[in-house]
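Visitor: here is my input, please return the structure:
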Amino acid sequence: MTKGEKGIAILGAGIFAKEAHLPALLALTKSSTPPPALKAVYSRSQPSATDLAAFSKSLLGLATPPDVYYDVSSSNSDASNASESLDALLARDDISAVLVILPITLQPSIIIQALKAGKHVLSEKPVAASVAAALELISTYEKEYKPKGLVWRVAENFEAESGYQLVGEIVKAGKVGEVKTFKATVVNYIDKDSKWYKTPWRTVPDYQGGFLLDGGVHTIAALRTMLPGSFTHLSAFASLSKEYLKPHDTIHSVVRGGTGNSTYHGIIELTWAHPTPTRPQADGIIITGSQGYISVNTVYSSSGGPPVIRIKTTRLVKVDDKEKEEVDEEEVVSKGVEAELASFFKAVEGKAEDGLGEPREALKDVAFIQAGLESEGKEVDLEALVKG
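Guide: Sure, this is the predicted structure:
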């Protein structure tokens, strides 16, 4: 089917499509590199797809809403193999790329379906529900679809955050010396009224780790963006504090990373089971080097604006043969989803790539969470795990 200039489609009509991807597309339309036109949306149900299309029209200022595709109509009749099905959407030659924003366990099959149809794919994190599933998916892509010039990237917005990338540049430049240790703490409170918990596929997760996998990969991606070298070993304990967050809601781990003589170690604490909505001022990341340290904190706006990544670098410098502390502070507005989309569109156009969204890098995030869930205090070789 031909309908004119090339555009994109959104597959998935959930919270993140509305609250993150569409606003990011809007921001890019106002930039010097506007994104391809949004031509179609897909969801399992007709009402949710129709709602997303209407919301897209309003937010993006479209003359007409994107075309709607779905599996089940409002009358509960099956739309399979009909003109409204996902197959019909993927058959359109005016859609060159799709954004896959679907439940974790459903995404791999849809990614392959889209690649088979000749579409470039940006799929939401995590890359897959397990290391084994991710390795199979990546292998299939690299053997069958990458050689055809098709682009597949994993949307990990923490990796794309310019604030975290700035920290990585500070570390790489040696401004705090050689990294020796680090600590990352994430404390979340999730109750049954949370909009994230109410998402049906999260309420009864059929994948390891629950919120730890869904949300924990963000922290690991941020750390691999900031720290030198990949994590190599882990020892951890996982637990469940709240029954409705099963199978697990908390991981405490000790980690080693780096290579050769430049190794470091640290602690990562992740929980979605804090007992009260009011949380201690514990969240944050500290990277300690031989000559100083960097603290990284995300500050959320009470007015609903985008979060701000606050970076404070403290180091010892010599002044008149005496050592004194030098402090640099910077705040960077969060624009990770916007950055990952812009990177994907550039990759599709064949322009110079920045390395964002590489599936094998996203695999490391899943491997960390899986190892943390399975370790039971025993050391896990993360490099061996990602090799399969």
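Visitor: could you pull out the helices for the stretch 101-250 of the chain?
Guide: 107-116, 131-140, 157-160, 162-172, 200-203, 211-226 (DSSP state H, counting those that start in this stretch).
Visitor: in a markdown table: these, plus distance to residue 61 and mean neighbour count.
Guide: In this view, the C-beta of every residue, glycine as well, is placed from N, C-alpha and C. Formatted as a markdown table, those follow (distance: least, Cβ to Cβ, whole Å; neighbours: other Cβ atoms under 10 Å):
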| stretch | distance to residue 61 | mean neighbour count |
| --- | --- | --- |
| helix 107-116 | 27 | 20 |
| helix 131-140 | 36 | 19 |
| helix 157-160 | 24 | 25 |
| helix 162-172 | 27 | 19 |
| helix 200-203 | 31 | 13 |
| helix 211-226 | 31 | 24 |
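Visitor: pick out the shakiest of those helices, pLDDT-wise.
Guide: Lowest mean pLDDT within these: helix 200-203, at a mean of 76.
Visitor: ramachandran angles for residue 173?
Guide: Note on residue 173: its backbone torsions stand at phi -80, psi -10 [degrees, to the nearest 10].
Visitor: from the centroid of the protein, which residue is nearest?
Guide: With distances taken as Cα atoms, centre = their mean, residue 156 lies nearest the centre of the chain, 2.5 Å away.
Visitor: for it, phi and psi?
Guide: In terms of degrees, to the nearest 10, the main-chain angles of residue 156 are phi -120, psi 100.
Visitor: was I right to think residue 206 contacts residue 106?
Guide: No - contact criterion Cβ atoms under 8 Å: residue 206 and residue 106 do not qualify, at 10.0 Å.
Visitor: looking at the two, which is more packed in?
Guide: A direct count of neighbours by other Cβ atoms under 10 Å for residue 206 and residue 106 places residue 106 higher, at 15 against 9.
Visitor: quick check: buried residues in the one helix or strand residue 328 maps to?
Guide: For residue 328, the enclosing helix or strand under DSSP states H and E is strand 322-333. When burial is assessed from 16 or more other Cβ atoms under 10 Å, strand 322-333 yields the following buried residues: residue 332.
Visitor: neighbouring strands for it, and are they parallel or not?
Guide: Sheet pairing for strand 322-333, assigned by DSSP bridges, gives strand 308-319 (antiparallel).
Visitor: still on that earlier bit, what packs against the helix or strand following the strand holding residue 328?
Guide: The first helix or strand that comes after strand 322-333 along the chain, using DSSP H and E, is helix 336-348. The elements that helix 336-348 packs onto, with contact taken as 3 or more Cβ pairs under 8 Å, 6 or more residues apart in numbering; DSSP states H and E, are helix 22-29, strand 95-100, strand 120-124, strand 152-155, helix 157-160.
Visitor: could you export these as CSV, including distance to residue 225?
Guide: Formatted as CSV, the helices and strands packed on helix 336-348 follow (distance: least, Cβ to Cβ, whole Å):
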stretch, distance to residue 225
helix 22-29, 19
strand 95-100, 22
strand 120-124, 18
strand 152-155, 14
helix 157-160, 5
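Visitor: so which of these comes closest to residue 357?
Guide: Closest to residue 357 of the helices and strands packed on helix 336-348 is strand 152-155 (Cβ to Cβ; 3.1 Å).
Visitor: can I get that closest one as PDB, trimmed to CA atoms?
Guide: The C-alpha trace of strand 152-155 is given here as PDB (Å, rounded to 0.1, in the frame of the first residue of the first chain):
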ATOM      1  CA  TRP A 152      17.200  -2.100  15.200                       C
ATOM      2  CA  ARG A 153      18.000  -0.100  18.300                       C
ATOM      3  CA  VAL A 154      16.800  -0.500  22.000                       C
ATOM      4  CA  ALA A 155      15.200   2.600  23.500                       C
END
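Visitor: partners of that strand in the sheet?
Guide: Partners of strand 152-155 in its sheet, by DSSP bridges: strand 120-124 (parallel).
Visitor: same question for the partner strand, mean pLDDT?
Guide: If you average the pLDDT over strand 120-124, you get 98.
Visitor: dump it to PDB, keeping only the CA atoms.
Guide: Output of strand 120-124 as PDB, limited to C-alpha atoms (Å, rounded to 0.1, in the frame of the first residue of the first chain):
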ATOM      1  CA  HIS A 120      13.600  -0.300  11.000                       C
ATOM      2  CA  VAL A 121      12.800  -0.800  14.700                       C
ATOM      3  CA  LEU A 122      13.300   1.100  17.900                       C
ATOM      4  CA  SER A 123      12.000  -1.100  20.700                       C
ATOM      5  CA  GLU A 124      11.600  -0.100  24.400                       C
END
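Visitor: compute the inter-axis angle for it and helix 336-348.
Guide: Going by axes from the mean of the first three to the mean of the last three Cα atoms, to 10 degrees, strand 120-124 is angled at 160 degrees with respect to helix 336-348.
Visitor: where does the prediction get shaky in the protein?
Guide: The chain contains residues with pLDDT under 70 at 1-4, 73-82.
Visitor: any idea how this protein splits into domains?
Guide: As given by automatic domain parsing, the domain ranges for the chain are 7-155, 159-338+365-387.
Visitor: off-centre distance for the shortest one?
Guide: This points to domain 7-155. With Cα atoms, centre = their mean, to the nearest Å as the basis, domain 7-155 stands 16 Å off its chain's centre.
Visitor: now the end-to-end length of that domain.
Guide: Domain 7-155 stretches 19 Å from its first residue to its last (Cα to Cα, to the nearest Å).
Visitor: alpha carbons only: can I get stretch 100-108 in PDB?
Guide: C-alpha atoms of stretch 100-108 as PDB (Å, rounded to 0.1, in the frame of the first residue of the first chain):
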ATOM      1  CA  VAL A 100       7.700  -0.700  19.600                       C
ATOM      2  CA  ILE A 101       6.300   0.200  23.100                       C
ATOM      3  CA  LEU A 102       4.700  -3.000  24.200                       C
ATOM      4  CA  PRO A 103       4.800  -5.400  27.100                       C
ATOM      5  CA  ILE A 104       8.200  -7.000  27.700                       C
ATOM      6  CA  THR A 105       7.400 -10.600  26.700                       C
ATOM      7  CA  LEU A 106       5.500  -9.500  23.600                       C
ATOM      8  CA  GLN A 107       8.200  -7.300  22.100                       C
ATOM      9  CA  PRO A 108      10.600  -9.900  20.700                       C
END
